[in-house]
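Colleague: Generate coordinates for the sequence data below:
(chains A and B)
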Amino acid sequence: MISAGIDVGGKNLHIVIMKDGKVVAKGAGPTGIQKAQAAEKLYDEVLAKAGLKRGDVERVVATGSAGKRVAFAGGYIPDAAADARGINKLFPSVRTVIDVGAEEGRAIKVSPEGKVEDFALNEKCAAGTGTFTEAMARALEITVEEMAKISMTSTKSIPMNAQCAVFGESEVVSLIHQKTQKPDIARAVHDAIAGRVASVARIVGLEKDVAMVGGMANNAGFVDSLKRDTGMDIKVPEDPDYVGALGAAVAGVTAVE
Amino acid sequence: MAAEEKKQEFWRWPEGIWVNPDIDWEKGKFITAGVDVGSVSTQAVVMVDGEIYSFGNTRTGSDSPDSARKGMGIALGKTDMKVDNIDYCIGTGYGRVNVPMAQQAITEIACHARGANYMYGPEVRTVMDMGGQDCKAIGVDDRGKVLNFMMNDKCAAGTGRGMEVFADLIRVPVWEIGPRSFQIKQEPTMISSTCVVFAKSEVVGLLEQGMPENDIMAAYCSAMAHRIIELLNRLGVQEKFVITGGIAKNEGVVKRLEKELGIKNMEKAWYKKEMRDKVPFDTQIAGAIGAAMFGFAMLERGKVKSARKA
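Modeller: So this is what the prediction gives:
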């Protein structure tokens, strides 16, 4: 039984191919403007990696904010459902998933069977999303990866007043002018996003175990800030940005069975 | 380097200066000044016995005291008046506590209400101050006193900063956006993202799809008008209604706001008829006017003493 999961997000595209319950190939790339074409292209590349043809795949399931544009998919599941299924496959003990991507942040309450019990979403505001980090990294003139690293060396907690990403950029610039150290600013940025994300997560309740997925889960500095804010331990799977695509592939198997 | 020099700052708007040629300040009894140090722009207004003598309008720098000095320097630049000749100066705006020449600070909400009363007259009941980094809907009485207000200072959507970000992205000078937003065949659907950051991605997408620039400007102006209306509706708009601040100069936003609201804002003209052909009507100086008027009223009633040094 071969299935494919395709996650078309605000900025990035992820594809997972599963064979008999195991991941056999995966790939990622930017979504770009022509989202459907980008998905087609990446799909063929990932299939080639696994030595498969389109005809070998029994079920293709899409997810993500632009997932419905994937014409060759046989089905579509919402992001929250994909996250729930994906995390359940990796960590069955997880009851709360926090997913922070480029342009969205969401928290999902997951049942022991991997079903969505409740979820809360922020898709209106860049504060509390990966885009906020990118904008602040630009203002700091460092990469997001560097920012993640240096933020963990900071021991100072500086509150950021701005919630808005546009105002946040000006605030970061004035912090630089005030000779605030870059690691401290980096931590302040992560703390600010963590505050926004945690308040979304508290809507569904932070029941143990908590896991974090999505691109922002790759940012260890941010995960640290979120742990501090929630006072909880947070599990991060390997390749956290693939969890949505994995969940879609799992849903494909269930659909066929 | 050549490319660097050619880099145009599309968000930058023209600075302003005006001096009243008919006033001899040395004959005045009370000289008052208002300095409004906003998050994006700074204005200084000098009044002689409650009449506008001069004003300057500039961009706020990284330091509030410097911005206040710069604004005042522009207002007095073409006159022989010195800061020491001023009887009383009031600071207002985001940087109001950091105005070195001021004797007192008053919030910009009170000053905009008072300034709008001076500019448009006692019939004004709702003042919408659309500033650089915030936006306030203010209910006022016939003396320009604040009755209630609603404010957004958390989010760049619906503020001048949002429009500047958009101007830079689309590479059109900010003052051209209003007029060009009407050079369209049909009113487009407004930009659906609230957040300025997300709106940027949306605009890039629309440009890629080949939507005409003027239509995109119309779509952005509509979205901004819509956002501001949410605030006005929470306050409850009462006629007569006026708009102050920088966005008031953008007809693309103002006309769409009027249309959606079903209420026209008052014509941009001085309440005092004799001022109409003489004094430029700058909606950005409302706060500084209000501050200077507060100073004048306090001196007249003997509530404060003149701080004049020369």
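Colleague: Next one, pLDDT for B:A44 please.
Modeller: Model confidence at B:A44, given as pLDDT, is 97.
Colleague: ok, now the one 5 residues further on?
Modeller: Note on B:D49: pLDDT of 96.
Colleague: Tell me, how many residues neighbour the closest residue to it other than its chain neighbours?
Modeller: Ranked by Cβ to Cβ, 6 or more residues apart in numbering or on different chains and with sequence neighbours excluded, the top spatial neighbour of B:D49 is B:G28, at 5.1 Å. Backbone N, C-alpha and C define where each C-beta goes, glycine included. When neighbours are counted by other Cβ atoms under 10 Å in any protein chain shown, B:G28 registers 17.
Colleague: who touches B:G28 in this structure?
Modeller: With contact taken as Cβ atoms under 8 Å, 6 or more residues apart in numbering or on different chains, B:G28 is in contact with B:48-49, B:53.
Colleague: Now for B:E123: which residues touch it?
Modeller: Applying Cβ under 8 Å, 6+ apart, we find B:E123 in contact with B:142, B:240, B:266.
Colleague: what do you get if the cut-off is 7 Å, keeping everything else the same?
Modeller: Under the criterion of Cβ atoms under 7 Å, 6 or more residues apart in numbering or on different chains, the contact list for B:E123 reads B:K240.
Colleague: That one: helix or strand, and which one exactly?
Modeller: Secondary structure assigned from DSSP states H and E places B:E123 in neither a helix nor a strand.
Colleague: Next one: it from chain A, what distance?
Modeller: Relative to chain A, B:E123 is positioned 35 Å away (criterion: Cβ to the nearest Cβ, to the nearest Å).
Colleague: and that residue, backbone torsions?
Modeller: Main-chain torsions, B:E123, degrees, to the nearest 10: phi -80, psi -10.
Colleague: Just the pLDDT at it, thanks.
Modeller: pLDDT for B:E123: 96.
Colleague: does stretch A:29-45 come close to chain B?
Modeller: Yes: for stretch A:29-45 and chain B, the contact criterion (Cβ under 7 Å from any Cβ of the partner chain) is met by A:I33.
Colleague: which residues are in contact with that stretch?
Modeller: Surrounding stretch A:29-45, the residues in contact under the criterion Cβ under 7 Å, 6+ apart are A:6, A:8-9, A:11-13, A:15, A:27, A:66, A:69-72, B:205, B:208.
Colleague: Which among those residues count as buried?
Modeller: If you count burial by 16 or more other Cβ atoms under 10 Å in any protein chain shown, the buried members of these come out as A:6, A:8-9, A:11-13, A:15, A:27, A:66, A:69-70.
Colleague: can you list the domain ranges for the chain.
Modeller: Since you didn't name a chain, this refers to chain A. Here the domain assignment for chain A is A:1-91+A:239-257, A:92-236, based on automatic domain parsing.
Colleague: Sorry, I should have been clearer: chain B.
Modeller: If the domains of chain B are taken from automatic domain parsing, they occupy B:2-123+B:269-300, B:130-261, with pieces of a single domain joined by a plus sign.
Colleague: Kindly reformat these as JSON lines containing distance to A:G101.
Modeller: Conversion of those to JSON lines gives the following (distance: least, Cβ to Cβ, whole Å):
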{"stretch": "domain B:2-123+B:269-300", "distance to A:G101": "29"}
{"stretch": "domain B:130-261", "distance to A:G101": "13"}
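Colleague: just so I know, which of those domains lies nearest A:A84?
Modeller: domain B:130-261 (25.2 Å; Cβ to Cβ).
Colleague: can you give me the strands in chain A?
Modeller: In order along the chain, chain A carries the following strands (DSSP state E): A:2-8, A:12-19, A:22-30, A:59-63, A:75-76, A:96-100, A:105-110, A:116-122, A:210-213, A:234-235.
Colleague: Is B:E239 within a helix or a strand, and which one?
Modeller: Counting by DSSP H and E, there is no helix or strand that carries B:E239.
Colleague: contacting residues for B:Y118?
Modeller: Going by Cβ under 7 Å, 6+ apart, B:Y118 touches B:289-290, B:293.
Colleague: in the strand or helix carrying it, what's buried?
Modeller: Assessed by DSSP H and E, B:Y118 sits inside helix B:108-120. For helix B:108-120, burial by neighbour count (16+ other Cβ under 10 Å) applies to B:108-120.
Colleague: and of the residues you listed, the nearest to chain A?
Modeller: Chain A lies nearest to B:E108 out of these, by Cβ to the nearest Cβ, at 16.9 Å.
Colleague: interface residues of chain A facing chain B?
Modeller: By Cβ under 7 Å from any Cβ, the residues of chain A that approach chain B are A:33, A:103, A:124-126, A:131, A:135, A:163-167, A:174, A:177.
Colleague: residue ranges with poor pLDDT in the stretch 1-150 of chain B?
Modeller: Across the stretch 1-150 of chain B, the ranges flagged by pLDDT under 70 are B:1-7.
Colleague: ok, and the closest non-adjacent residue to the closest residue to chain A within it?
Modeller: Proximity to chain A, evaluated over the stretch 1-150 of chain B using Cβ to the nearest Cβ, is greatest for B:S62 at 5.8 Å. Nearest residue to B:S62 in three dimensions, chain neighbours excluded: A:H177, at 5.8 Å (Cβ to Cβ, 6+ apart).
Colleague: which residues in the stretch 51-200 of chain A form helices?
Modeller: Along the stretch 51-200 of chain A, the segments classed as helices by DSSP state H, counting those that start in this stretch run A:79-90, A:130-140, A:144-151, A:165-177, A:182-204.
Colleague: Most tightly packed of the ones you listed?
Modeller: Most buried of these, by mean neighbour count (mean count of other Cβ atoms under 10 Å in any protein chain shown): helix A:79-90, with a mean of 26.
Colleague: between the residues of chain A next to chain B, which is nearest A:G231?
Modeller: Out of those, the one with the shortest distance to A:G231 is A:Q163. That distance is 21.9 Å, counting by Cβ to Cβ.
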